[in-house]
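Colleague: with the input below, show me the fold.
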Amino acid sequence: MSTIFDSIKLPKTIYEVTSEFNGKISVVEVGSTRKLYVDGMTQSVNWDSPNAGRQVWGRLVENLHEQEPNLVKVMVLGLGGGSMQHLMAKKFPGIHITSVEIDKTMVEVAKKYFALDDI
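Modeller: Numbering: from 1, shown residues only. Down below sits the predicted model:
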């Protein structure tokens, strides 16, 4: 017999690591949304999450598109999980994105859990 609680999805930590630069990095999944936390603060969400466009990363990309609709090059300081990079690549086809990230652990997490190499 099923109950109302059967459809509730609880957060599941799928990866944790401690980084020299960022401290504790966690990747948490709830349904189709994957989030990157650094010391407990949300740093990224998977770009194809149903809420990504409404969160800070999606709003920033929309604002950028309003200001510079023909953007072809951009530099992003900091990577996180690459939410901004994914959303910019989707909004500006063919854009050249240069990302600067000091933490190699963050780059590894972005590649493994947030499809960074798919951009």
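
Colleague: give me the number of residues near the nearest residue to residue 43 once chain neighbours are set aside?
Modeller: For residue 43, ignoring the flanking residues on the chain, the nearest one in space by Cβ to Cβ, 6 or more residues apart in numbering is residue 80 at 4.1 Å. Yep, even glycine has a C-beta here, placed from its N, CA and C like the rest. If you count neighbours by other Cβ atoms under 10 Å, residue 80 ends up with 24.

Colleague: all strands of this protein, in order?
Modeller: For the chain, strands defined by DSSP state E occupy the ranges 12-19, 23-30, 33-38, 41-45, 73-77, 96-100.

Colleague: tell me which strands the fifth one pairs with, and in which orientation.
Modeller: According to DSSP bridges, strand 73-77 forms sheet pairs with strand 96-100 (parallel).

Colleague: the second one now?
Modeller: When pairing is defined by DSSP bridges, strand 23-30 lines up against strand 12-19 (antiparallel), strand 33-38 (antiparallel).

Colleague: max-length helix in the protein?
Modeller: Ranked by residue count and defined by DSSP state H, the top helix of the chain is helix 56-67.

Colleague: tell me the contacts of residue 66?
Modeller: With contact set as Cβ atoms under 8 Å, 6 or more residues apart in numbering, residue 66 has no partners.

Colleague: do residue 51 as well
Modeller: By Cβ under 8 Å, 6+ apart, the residues touching residue 51 are 33, 45.

Colleague: can we see that at 6 Å?
Modeller: Neighbour list for residue 51: empty [criterion: Cβ atoms under 6 Å, 6 or more residues apart in numbering].

Colleague: same thing with residue 71?
Modeller: With contacts defined as Cβ under 6 Å, 6+ apart, the neighbours of residue 71 are residue 92.

Colleague: test for you: state the pLDDT assigned to it.
Modeller: The model reports residue 71 with a pLDDT of 97.

Colleague: how far away is it from residue 46?
Modeller: Counting by Cβ to Cβ, to the nearest Å, the gap from residue 71 to residue 46 is 23 Å.

Colleague: residue 119 is nearest to which of the strands of the chain?
Modeller: strand 96-100 (7.1 Å; Cβ to Cβ).
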